[in-house]
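Engineer: below: sequence and its predicted model.
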Amino acid sequence: MIPTITAFESSPDGGKGLARDMPVRWALEEAGQPYEVRLISFAEMKEPAHRALHPFGQIPTYEEDGLVLFESGAIVFHIAECHAGLLPENAHARARAVTWMFAALDTLEPPIFERDLARVLEREKPWYEQRLQVLEESIRKRLGDLSARLGSADWLGGAFSAGDLLMVSVLRRLQGSGLLEEHPNLAAYVARGEARPAFKRAFEAQLAVFTSRPQAPHP
Ligand code: GTB
């Protein structure tokens, strides 16, 4: 059965592929798994029909053969478990790749997400500059450590895995901030992820949604 995912009908990111349907689309493309997309509005997300799929009234969701999932990380993990190519066969290597999935979402993403939020919601507040500095310092620490670990390798665990897919997805939110660019190996790592044919297909698919329904870009 072809899975169906949900995505923003009008993405506030201006077609940059920063919403969380993007890693799910990317994983499905890596897996060679065709999928359908149901586009929903902000209002529809909060309606009971969607909340039955997603308790927090958000995107993305994933439906396949009676299975309903939410949380992009869990969805990517499910796809990676069901298809070859996103998680190594070897048990230890597999556990290490899963660890990088958690590291992307639990260690790298929180300060990056907080910075994005502060830039939108706290820009006019008197504490904004100070808060931004604190958040950027925290991001710098994480990026420094990640950069040291990646070194000159192409991917975090040898071969490309779902861990890289999520890590690249998280780091993309920093593109153009100057923070990612402080670490040429991380900027190159993100570029390597974006150069993958599966990434490009996923990106084009989400961009097509935006270009067919243009709206003002998110600040
Ligand atoms: N932990 C969940 C997951 O990983 O699936 C988080 C899901 C989530 O945050 N979904 C967001 C959503 O549905 C869209 S992706 N928001 C609507 C709501 O909560 O009412 C987050 C997002 C939104 C916008 C941008 N952007 O404009 O750049 C980037 C990311």
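Structural biologist: Received it, and whenever you're ready, just let me know what you need.
Engineer: for the residue lying closest to Arg25 once chain neighbours are set aside, what are its contacts?
Structural biologist: Among residues not flanking Arg25 along the chain, Ala202 sits closest, at 3.7 Å (CB to CB, 6 or more residues apart in numbering). The C-beta positions use only the backbone N, C-alpha and C, and glycine is treated the same way. Shown in contact with Ala202 (CB atoms under 8 Å, 6 or more residues apart in numbering): 17, 22, 25-26, 28-29.
Engineer: of these, which pair is most distant in space?
Structural biologist: Put simply, by CB to CB the two of the contacts of Ala202 set farthest apart are Gly17 and Leu28, 13.9 Å from each other.
Engineer: contacts for whichever helix in the chain runs longest?
Structural biologist: Counting by DSSP state H, the longest helix found in the chain is helix 128-150. For helix 128-150, the external contacting residues (CB under 8 Å, 6+ apart) are 107-108, 111-112, 114-115, 118-119, 122, 125, 156, 167, 174, 179-180, 182-183, 185-186, 189.
Engineer: and those residues, which of them are buried?
Structural biologist: Neighbour-count burial (16 or more other CB atoms under 10 Å) applied to the contacts of helix 128-150 gives 108, 111-112, 114-115, 118, 156, 167, 174, 179-180, 183, 186, 189.
Engineer: for the residue located most distally from the centre of the chain, give its distance to Phe199.
Structural biologist: The centre of the chain is farthest from one residue, Pro126, which by CA atoms, centre = their mean lies 31.0 Å away. Pro126 sits 40 Å away from Phe199, going by CB to CB, to the nearest Å.
Engineer: select from the contacts of Ala202 the one having the most neighbours.
Structural biologist: Trp26 (30 neighbours; other CB atoms under 10 Å).
Engineer: give me phi/psi at it?
Structural biologist: Per-residue torsions, Trp26: phi -60, psi -50 (degrees, to the nearest 10).
Engineer: pretty sure it sits against Leu165.
Structural biologist: Yes. Using CB atoms under 8 Å, Trp26 is in contact with Leu165, at 5.8 Å.
Engineer: returning to what we had before: looking at the buried ones among the contacts of helix 128-150, which is nearest the ligand?
Structural biologist: Ile112 (10.7 Å; CB to the nearest ligand atom).
Engineer: could you find the closest non-adjacent residue to the closest one?
Structural biologist: In this structure, Ile112 finds its nearest non-sequential neighbour in Arg173, 5.4 Å apart by CB to CB, 6+ apart.
Engineer: next one: Lys46
Structural biologist: Nearest non-adjacent residue to Lys46 (CB to CB, 6+ apart): Gly57, at 4.5 Å.
Engineer: hmm, Arg51 and the one you found touching each other?
Structural biologist: Yes. Between Gly57 and Arg51 there is a contact at 5.2 Å, judged by CB under 8 Å.
Engineer: neighbour count winner among those two?
Structural biologist: Ranked by neighbour count (other CB under 10 Å), Gly57 and Arg51 place Gly57 first, with 16 against 13.
Engineer: measure Pro126 to Val120 for me?
Structural biologist: Per CB to CB, Pro126 is found 17 Å from Val120.
Engineer: and Val170, by the same measure?
Structural biologist: From Val170 over to Val120 the distance is 18 Å, taken as CB to CB.
Engineer: and if you look at Ala74?
Structural biologist: Per CB to CB, Ala74 is found 26 Å from Val120.
Engineer: same deal with Glu81?
Structural biologist: With CB to CB as the criterion, Glu81 and Val120 are 35 Å apart.
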